[in-house]
Structure formats: structure tokens, C-alpha cells
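Asks: Pasting a predicted model and its sequence here:
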Amino acid sequence: MAQTQQKYDRKAEDIGNIVGLEHVNLRVPDQEPATDFYLAGLGLTRDPYMMPGTNNMWVNVGKSQFHLPKGDPNVLRGHVGLVVPSLDDLCERLNTVKGRLEDSKFNCKRHNAFVEAMCPWGNRFRLYEPCAEKFGPVSLGMPYVEFDVPEGTADGIARFYREIFYAPTEIEENGDGRAARISAGFGQCLVFRETDKKIPEFDGHHLQVYVQEFSGPHEELEKRGLITEESSQHQYRFEDIACLDTGKCLFKIEHEVRSITHPLYNRKLVNRNTKQNLMYYQMGADEWDWWLPRDNGRMAATQRAVEPTTPLARRRAARMAAM
């Protein structure tokens, strides 16, 4: 029995050494407005197992998180991109918290393709409906974080991640300007977009990523004196994205770098179904499944057929034909 020989684009499956953008850490001075914005407004879920006190809160968004420790507020220099199940439902929720946040920087506006929201302390978010082509097969998640960076730095930033972290990178130019796009896991990326506007001083916020090869990037960072914290066996930190020729800091953002042997790697996060309420409660529907169904397709029959040459290959071909 002949078996179909299919050609595939194997490079399309490469995500590089950074395998996950896990959390963004932003200090908040008060948990009450943070709860109104992140939970009641955006529709996200407070982690029920970790950080249950009033000095910190972890907020789940698909497989990623926001970490919101108590303190002087951080403002990320850029915005965070999120996917939510419905923009209509999102706008309805944001409207319900508007009154409680009226004495803050909270704001929201709907555009054609996304909703732009600002937290009570000035952090900006762009929220989109699911689109597997753009954001991967998720209905809830953190597909990207975008930073505003000085003009002329995008190429150097891309080279830094490419050579230090072995991450696939690309430079894009569109109506929003020139940017470096860094692969940060399946359906996730970091974007560094050039601007001629004045960029505020770095205030200590951070992002966290998981990497497959942990020691190689550490060695390269250590050679350049860029390591700022040796956190544990499974984690280290650095802040400066540096020009590899001159050592000049191109942009500063603290990175918490974890190995995939870290105890928290691939931890299952609880995400709630925001449709559940007292009036329309459905038993068994509390948790939200944020993965979208994937169309993996059947093997096409348009390529040249190859006759299996071994007994094992013939048995496998028979099983495939019967599927």
C-alpha cells in the first residue's frame, strides 16, 4: 500500500530558546482598585493558591499572569496585549467598574480591532478577541508585551536576543513605526517599538520568561557584567539590553529568567468563566478552557506516493490509511 509523502514547513514550528512569557510584575498601592480593574473589569482570575494575602496578588490570564505586589505603582513603558473571549462582554464589565475608579487614571476606549484600557495607575492594555493566526489558539492569554524604545535601537535589541538568548527575531516596519519582534514562546512575543517621544525612567517593573538552554545565556550575560541577581538554582535576573559591540544600554527592563526545571514551570493556572453569575449559573461551567480547538488537518493526498519498504513501515501505513 502506497503512503502519501507530504512536505511541511518545519521552520514554522520553531519558537527558539525562550519558551514562555509567564508574567509581568507591576507594583500597585492598593488591592481594592486593582481587584476592580484586573478581576471585575478585565475579567481575569486571582490565583487561589499563591499569594493569598494583602501584600501581593497573582492574577491569571490563560497560561500567563500579572504579579501585583503592594508598593509605589509601576508604569510599564509601552502596553500589554491580551486576548479575551469577547470584546462586547469586556466593555460591559469595564463600564460596571467605571464609577468605582473615577478618581484614578482608569480609562477605556473601543477601537475597530481592540479595546484600549488604562489601569488606575496608568498602565496601558490592548485587548483583542481570539485570532489563532495572530495570537495562537487561545481565547484568553498574554500574546505580547510591547515597549517604547529610543529611535535607532530596534536592530541592536533584536541582535541581543538573537545572540544571547538564541531567540528568533525580526524587524518590522509599518504605520506604527520600526520595531524588533522577539519570539517568546508559542503564540507569544516581546515587541520593542521605536519612538521619538521622551521615554520615562525605568521604575523597577519586570517580566519573566522561561528558557530551554539556561546556562548559555547566563554565561554570555555574566561575561558582560549584566547579571543583577543570582536568585536561585533555577533563576537569575538582568536589566540592561545592551549593544553587543559597545556595551551601551539600549533599553532597560528587568528580566526574571527561569529554567524549565523551575518548580513553577508549566503549572496549571485556574481561569474562571466570567459568564457565571447568580442569575445564570451553570453547574460545571466555573472554569474557562482557554485553548481553542486546533485544526491539525489530514495528510494531503496530492504528493508523490512512496511504497513502504519494511514490515514496520507497512503496518504504520495501513493504520494511517484506516484513520
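Replies: All right, it came through fine.
Asks: what's the model's confidence in stretch 260-267, averaged?
Replies: Mean pLDDT, computed over stretch 260-267, is 97.
Asks: That one: end-to-end distance?
Replies: 11 Å (Cα to Cα, to the nearest Å).
Asks: Could you tell me how far that stretch lies from the centre of the chain?
Replies: Offset of stretch 260-267 from its chain centre (Cα atoms, centre = their mean, to the nearest Å): 16 Å.
Asks: what ranges do the helices span in the chain?
Replies: Assigned by DSSP state H, the chain shows helices spanning 31-34, 87-97, 132-135, 154-164, 215-223, 311-322.
Asks: Flag every buried residue along stretch 160-170.
Replies: Buried residues in stretch 160-170, counted by 16 or more other Cβ atoms under 10 Å: 160-162, 164-169. (C-beta placed from N, C-alpha, C; glycine too.)
Asks: now stretch 260-268
Replies: So stretch 260-268, judged by 16+ other Cβ under 10 Å, has buried residues H262.
Asks: Identify all contacting residues around that stretch.
Replies: Judged by Cβ atoms under 8 Å, 6 or more residues apart in numbering, the contacts made with stretch 260-268 from elsewhere in the structure are 19-20, 22, 210-212, 214, 234-235, 258-259.
Asks: Need those in a markdown table (columns: distance to T153 and neighbour count).
Replies: Listed next are these as a markdown table, based on distance: Cβ to Cβ, whole Å; neighbours: other Cβ atoms under 10 Å:
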| residue | distance to T153 | neighbour count |
| --- | --- | --- |
| V19 | 25 | 19 |
| G20 | 25 | 21 |
| E22 | 25 | 25 |
| Y210 | 25 | 25 |
| V211 | 22 | 23 |
| Q212 | 27 | 14 |
| F214 | 26 | 20 |
| H234 | 30 | 16 |
| Q235 | 27 | 17 |
| R258 | 26 | 22 |
| S259 | 28 | 18 |
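Asks: And these, which is closest to E151?
Replies: When those are ranked by distance to E151 (Cβ to Cβ), V211 comes first, at 29.1 Å.
Asks: quick revisit: as CSV, the buried residues of stretch 160-170 with distance to T246 and pLDDT would be great.
Replies: Putting these into CSV (distance: Cβ to Cβ, whole Å; pLDDT from 0 to 100) gives the following:
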residue, distance to T246, pLDDT
F160, 12, 98
Y161, 17, 98
R162, 17, 98
I164, 15, 98
F165, 19, 98
Y166, 22, 97
A167, 21, 97
P168, 24, 96
T169, 19, 97
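Asks: Show me which of those is closest to L221.
Replies: Once Cβ to Cβ is applied, the member of these that ends up nearest L221 is I164, at 6.6 Å.
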